[in-house]
Structures are given as C-alpha cells and as structure tokens.
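In: Structure, please.
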Amino acid sequence: MFQNIYTSYLIDHGWVQIGPISYRKTDAGIEIFFDTSSQIEVDKGGIRAGNYYLEDLNDLIKVLDTLENM
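Out: Next comes the predicted model:
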C-alpha cells in the first residue's frame, strides 16, 4: 500500500482508499489520484477539478478546503 503523510491525513479524515493510489471522500464526491508522492489529480462529481503539486501537508489541506467548499 502506498502511504505517506498525505495519504495518512486522508485516511485519518474519513477518506477511503479505492485503489493502490486513489482515495475518495464519498459524501463530498471528491476523488484524488496520486501521480507521484506529491502530485495529485482531483475529480469532483466526475469532473476533473485540477492537478496540484503538494510541497507540504498544508498544501493538501488548502486544496481540500477549496474543493469541499465549491
């Protein structure tokens, strides 16, 4: 299983691993796919919401806050 600070954060906050490098938050309709250990692709409601490069955990938290409030 792929695990780093980002995936640990996701699991600790109710995200479900749906593939080797993919996570879903069902109630928000958001899926995250890890291209690399710090680069993600995000879909919301089945639509590509963007690609993001994460330098630290705060970057992931900001991306998630933005997406969940869309």
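In: Tell me the confidence at the most centrally placed residue in the chain?
Out: In the chain, the residue lying closest to the centroid (C-alpha atoms, centre = their mean) is residue 32, at 3.7 Å. Per-residue confidence (pLDDT) for residue 32: 95.
In: Which residue is the nearest non-sequential neighbour of it?
Out: residue 23 (4.8 Å; C-beta to C-beta, 6 or more residues apart in numbering). C-beta coordinates here come from the backbone N, C-alpha and C atoms, glycine included.
In: How about the contacts made by the one you found?
Out: By C-beta atoms under 8 Å, 6 or more residues apart in numbering, the residues touching residue 23 are 7, 10, 11, 15, 16, 17, 31, 32.
In: contacts for the lengthiest helix in the chain?
Out: Assignment by DSSP state H gives helix 57-68 as the longest helix of the chain. The contact list for helix 57-68 (C-beta under 8 Å, 6+ apart) reads 5-6, 9, 25, 28, 30, 40, 42, 44, 49, 52-54.
In: which residues in this protein form helices?
Out: Going by DSSP H, the chain shows helices at 5-12, 57-68.
In: buried sites along the longest one?
Out: By neighbour count with 16 or more other C-beta atoms under 10 Å, helix 57-68 contains the buried residues 60, 63, 64, 67.
In: what do you get for stretch 4-12?
Out: 6, 7, 10.
In: Same list (those) but as JSON lines, adding pLDDT and distance to residue 36.
Out: Formatted as JSON lines, the buried residues of stretch 4-12 follow (pLDDT from 0 to 100; distance: C-beta to C-beta, whole Å):
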{"residue": "6", "pLDDT": "92", "distance to residue 36": "11"}
{"residue": "7", "pLDDT": "92", "distance to residue 36": "13"}
{"residue": "10", "pLDDT": "95", "distance to residue 36": "16"}
